[in-house]
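>>> After the sequence you'll find the predicted model.
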Protein chains: 2
Amino acid sequence: MSVVNRTAHPFDKTRFDAVLNRRFFYAPAFEIYGGVAGLYDYGPPGSALQANIIAEWRKHFVIEDHMLELDSTNLTPATVFETSGHVARFADWMVKDSKTGDVLRADHLVKGVLEARLAGDLEARGKAAEPREETKEDKKRKKKQVKATAVQLADEVVKEYETILAQLDNYGGPELGELCRKHDLRNPDTDNEVGEPQQFNLMFASSIGPTGQHPGYLRPETAQGHFLNFSRLLDFNNGRVPFASAQVGRSFRNEISPRAGLLRVREFTMGEIEHFVDPLDKSHERFHEVRDTVLALLPRDVQLSGSSQVVPMTIGEAVDKGIVANATLGYFIARIHSFLLKIGVNETRLRFRQHMDNEMAHYATDCWDAEIHNSTGWTECVGCADRAAYDLTVHANKTGQPLVVRVALKEPVVTERETAEFNKKVLGKTFGKDAGLIQKVVGEMDDVKLLKLKGELAQGSTTIVAEGKELTLTAEMVTIERKTFKQSIREFTPNVIEPSFGFGRILYTLLEHSFWSREQDVERGVLSLPPVVAPTKVLIVPLSAREEFDPLVREVSSKLRKAGIFSRVDDSNTSIGKRYARNDELGTPFGITLDFASVQNRTMTLRERDTTDQLIGSIDDVIAVVTELVDGTIEWKEACERLPKYDGVQAVE
Amino acid sequence: MSVVNRTAHPFDKTRFDAVLNRRFFYAPAFEIYGGVAGLYDYGPPGSALQANIIAEWRKHFVIEDHMLELDSTNLTPATVFETSGHVARFADWMVKDSKTGDVLRADHLVKGVLEARLAGDLEARGKAAEPREETKEDKKRKKKQVKATAVQLADEVVKEYETILAQLDNYGGPELGELCRKHDLRNPDTDNEVGEPQQFNLMFASSIGPTGQHPGYLRPETAQGHFLNFSRLLDFNNGRVPFASAQVGRSFRNEISPRAGLLRVREFTMGEIEHFVDPLDKSHERFHEVRDTVLALLPRDVQLSGSSQVVPMTIGEAVDKGIVANATLGYFIARIHSFLLKIGVNETRLRFRQHMDNEMAHYATDCWDAEIHNSTGWTECVGCADRAAYDLTVHANKTGQPLVVRVALKEPVVTERETAEFNKKVLGKTFGKDAGLIQKVVGEMDDVKLLKLKGELAQGSTTIVAEGKELTLTAEMVTIERKTFKQSIREFTPNVIEPSFGFGRILYTLLEHSFWSREQDVERGVLSLPPVVAPTKVLIVPLSAREEFDPLVREVSSKLRKAGIFSRVDDSNTSIGKRYARNDELGTPFGITLDFASVQNRTMTLRERDTTDQLIGSIDDVIAVVTELVDGTIEWKEACERLPKYDGVQAVE
């Protein structure tokens, strides 16, 4: 929108949180019962914002690329997640406080305590004669939650702690337990020792049906619903790949001790796309459209070298150089980028970070996260993984259902090979039930072995060994001949490229990026959400709730509704300025004032949220202009050319 | 749409089911794992249809009436449902097969077996000399699942069975068990006896957090999320009632043995509206807009008289006569009616049935169901209940949080009453810790008692008894005087009117109503879904997949997308007629054909699904017309006036 100084005041997390809570963007679920960690309800502006983000997501991805949308169940029988690997591996290591029984994530405990000790060391050295040099990491640690005590550590201990922290993602449960014992790491809340780390599966378990015999889980991702329906989706797409399925739905993860607001929750709305592609051809027919998009990339190699400096690069170059594995992955990374910018994420606070080998999910072969910077640091908001053929393969193996694509080859592949034909009658008569065994063993022979057997049989007979038995074959029983085979169908398991969106995280970071305070009034918060996602597009403000304004309010509401624009009326008993201020906090981009002039002359004023500038025009002209503003076909600058500026005497701010 | 003979062939459930399955409207979830009863996945046309129904629902209810939308969690701590009564009462009676352990719903067992016996009796009598008269109910029973054997029953047994069936909803578990024993009702699948009925709670249980100490349930309705957030919603609405909140989301019910496809499932998408209203004023400011809507009503009295004959009546008359309890309930019933017609439900197969006292949910005081007729009979698809103040009251009592509305009274209410004032110093000195007891007992006295006490104290002293203690009061300790009180605020717990929509049931019945076969071609199914809900609005059919059509296909796709219209291309290798037939089954209302004439002259044809009529025009003219058709601003008849009829030689059907 228009250029306004939005950095006059530094971001104030306390004020920001207060606005979101007071205006009911979201709130702890079951608040009147004391709440439950990791569960949040979205109020009217929050749910409208989320619905608008999802609607734009549908337009940007599903409709634009003709994806096949589906809606699968949350409840899932246990066997599905046994096959997918989630029962065995979708888990975190937790430790229990030896006295209170409180549960902590083991890696979070190690991280928190060691960082606190390093911070304490720094503080102690600061007081001492020769302080050690404060690193950037030290600066971050100072902000962390576990309280530091000023105790100096030996230099080699500092070094050991830093090594542990750098490798934290590499440790399994036994190693984390060993670290707790060796370094006496205790629950920082109670100073009690903790027990041995135990694996805690993050899926919520339940039981389907009345007998308790059918264990199930709530899905932790929507993806399995796509994979299990693969054959139906392929059929719907006339048997052709590539194609993508898409789904918006809830997922559930029983986080051990969620404390990070919307950034780590136990129930959340996701959007997942599964793009099914020929493993031999991961090009994308629309890649040329995004080739020149410049992205802030943080490749694996850069991270391994110890740096977190992003590399600006076009996606075309990244794919050409093999930094991003293939064009389909590249296409989606660029499309995720343009989607996030469209809904209002600040481009300078967006980067794409490649997963390192040891942090990838069990099913992924390559993965890039869209990370959005916010007051807690960089947060993964979208993952873009190449799951290869993992999921379709394991489900096909388990169920015996072929989850494959069959394509007609343009040129049939002709091959020749030795082939054994059996005289089953003679075989049966001679060997009884061992006849099948012979057919199996001979049937599995390759050309070299078959040719050897052929030579031996040509001499009369030969003995083969199968399951410890010696069986004598004669030429009468088997004929070996060279035959020609023509293969006109190629059958393959497609690979899957999966962009996976956490809408709650996107929504939260977007709210942070949109929040600022006016230079002249730090108390007044403003949410500069783009019209496309703003919960309410237009605020209608009658001078008062008096009846004489009712017909106009109804007329304007109805005309906006017909134009497809969601408006709200604020006729509460307070000044127009206060009402606008309240709706600046809700992110409402445009306001319409109806006053006595409106009643007399059928004119109204149009106010823009960020500049607080106002224009004036006839009711129909203003509605026409605001419709185009909301649709995004014009900007405020162009609106200013279409309608005269309003500088009436009325004190509206 | 246009008038076509849609009743040429009777509804064929087998063919209908085959079409929905083949075209992936929906399918059993986890099908490749053998499926799970009561769980279904929606494929591309099914999920698009549901999304369109929900979008229209939002427009029709949420936007039109400025409702406050919210999005609350599925996971819910147990204590919430203990308070709401669901833990104790949201249950069905089930019986177990004594040998296999299979579980059946007790009322369904009784109904199924008795109906089968009555059908068998009828069959036996048919063969005998004097058949008893076949009733309408008998005719229905013949279609039921439990197999009937031709055994004649004594006349008094027939009568007894019929009485039991008529009162089935009145029986509790012990009575159902008694019936099974007395009439030897067995599991029809195994002919084994069944055990004593046990109550089975229909909520799915889980555990929140890693310690297993926080039991929770998946919500069986979204409503509690509204009630728990009531104070925040009221605040958002500037403290005023009436207002409504609205929510679309999943709900979960662990049905005992679901067998009715989408009509009885374990996980489903609901839309719920909670309209909060002053219990003393249940009028509705927009009731006059719907007053003349004629509805097919089936009031409680009619049903109690043994009839199921609907009464056509305007909602105005029904409210005036007290048949529908109040205007707000009436407003919503009429709005539900217009919503269902708008999305394509057949008006002649829609009725509103009032609940009888004994079938109402534990929280409701009045309830009307929108029932839609389909091949299984009448199915409740929308409930419209007056939950009175039940929910807000129980949650407020449990949590101690006031869930009330406070309104300024126009005229303050002035009251006079006797009031006791205590001399706390003397009281404390005399009675020590019993001083508080005295204040409590006296404070609770009404005017009559206080005046008596006043009289006694005027005589010097008196003795009162509190918690078994005799305490002597003197005039020095308490002064009793008549005082005037002015009340300027009225505080009340609002009542709740709740329209509650099961989208899966609506979707299924709508599909049945939309399905027919062409007179000349019974094999070809057509789904006459209105454009507003049709999964795809326009099918683009190039003559072939040859490259020369690509630029035109892209141009038309892109222009339709810009006009906000969802189109699909079918360039598969089959005749245009077959491709249209396939998309008739998907309910696609309009088709555009691109052929060589399109390449040469930039013209294209426009086909209407129900009539199969075709028009022709320039690309831009056709796009303009089809945009208006999809938006519903014109009908096909008007389109025929805007574009010439196409009667080209090309064989498209």
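Cool, got the structure. Computed from a predicted model, the values in this text were never measured in an experiment.

>>> where does chain A dip in pLDDT?
Regions of chain A meeting the criterion pLDDT under 70 cover residues A:1-5, A:7-8, A:127-145, A:363, A:649-653.

>>> remind me, longest helix of it?
For chain A, the helix that runs over the most residues, judged by DSSP state H, is helix A:106-127.

>>> now that one, how far from the centre of its chain.
When distances are taken as C-alpha atoms, centre = their mean, to the nearest Å, helix A:106-127 is centred 32 Å away from the chain's centroid.

>>> Packing partners of that helix?
strand A:91-96, helix A:136-142, helix A:155-166, helix A:173-182 (3 or more C-beta pairs under 8 Å, 6 or more residues apart in numbering or on different chains; DSSP states H and E). Any C-beta I mention is one placed from the backbone N, CA and C, and that applies to glycine too.

>>> Going C-terminal from the last one, what's the next secondary structure element?
In other words, helix A:173-182. Helices and strands here follow DSSP states H and E; after helix A:173-182, the next one along the chain is strand A:198-201.

>>> elements contacting that following strand?
In terms of contacts (3+ C-beta pairs under 8 Å, 6+ apart), strand A:198-201 is packed against strand A:91-96.

>>> Check which helix or strand A:Ala246 maps to.
For A:Ala246, the host element (DSSP H and E) is strand A:243-252.

>>> quick one: that strand near chain B?
Yes - counting by C-beta under 8 Å from any C-beta of the partner chain, chain B has neighbours in strand A:243-252: A:250, A:252.

>>> That strand: partners in the sheet, and parallel or antiparallel?
Strand A:243-252 has these partner strands in its sheet, going by DSSP bridges: strand A:68-69 (parallel), strand A:267-277 (antiparallel).

>>> and A:Ala388, which of those is closest to it?
Between A:Ala388 and the strands paired with strand A:243-252, the shortest separation by C-beta to C-beta is 10.3 Å, and it involves strand A:267-277.

>>> Which helix or strand lies directly C-terminal to that closest one?
Following strand A:267-277 in sequence, per DSSP H and E, is helix A:287-290.

>>> mind listing what's buried in that following helix?
Of the residues in helix A:287-290, A:287, A:290 count as buried by neighbour count, 16 or more other C-beta atoms under 10 Å in any protein chain shown.

>>> what packs against the very next helix or strand once past it?
Note on helix A:287-290: by DSSP H and E, the next helix or strand toward the C-terminus is strand A:294-298. Here strand A:294-298 touches strand A:311-314, helix A:315-320, helix A:327-343, strand A:350-354, going by 3+ C-beta pairs under 8 Å, 6+ apart.

>>> For A:Thr163, which of those is the nearest?
The nearest among the helices and strands packed on strand A:294-298, by C-beta to C-beta, is strand A:350-354 at 22.2 Å.

>>> Quick one: work out the angle between the closest one and helix A:327-343.
160 degrees (axes from the mean of the first three to the mean of the last three C-alpha atoms, to 10 degrees).

>>> Okay, now the sheet partners of strand A:350-354, with direction.
By DSSP bridges, strand A:350-354 pairs with strand A:294-298 (parallel), strand A:366-374 (antiparallel).

>>> Please work out which of the ones you listed is packed deepest.
Compared across the strands paired with strand A:350-354, strand A:366-374 shows the largest average neighbour count, a mean of 22 (mean count of other C-beta atoms under 10 Å in any protein chain shown).

>>> where does that strand sit relative to the chain's centre, distance-wise?
On C-alpha atoms, centre = their mean, the centre of strand A:366-374 falls 9 Å from the chain's centre.

>>> For that strand, give me every contacting residue.
Applying C-beta atoms under 8 Å, 6 or more residues apart in numbering or on different chains, the contact partners of strand A:366-374 are A:263, A:324-325, A:329, A:333, A:336-337, A:340, A:345, A:349-355, A:360-361, A:378-386, A:505-506, A:508-509, A:512-513.

>>> Buried members of those into PyMOL, please.
This is the PyMOL syntax for the buried subset of the contacts of strand A:366-374, where burial follows 16+ other C-beta under 10 Å:
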select buried, chain A and resi 263+324+325+329+333+336+337+340+345+350+351+352+353+354+355+361+378+379+380+381+382+383+384+385+386+505+506+508+509+512+513
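
>>> Can you give me the end-to-end span of stretch A:486-498?
Taking C-alpha to C-alpha, to the nearest Å, stretch A:486-498 runs 35 Å from one end to the other.

>>> I appreciate the help and will end here.
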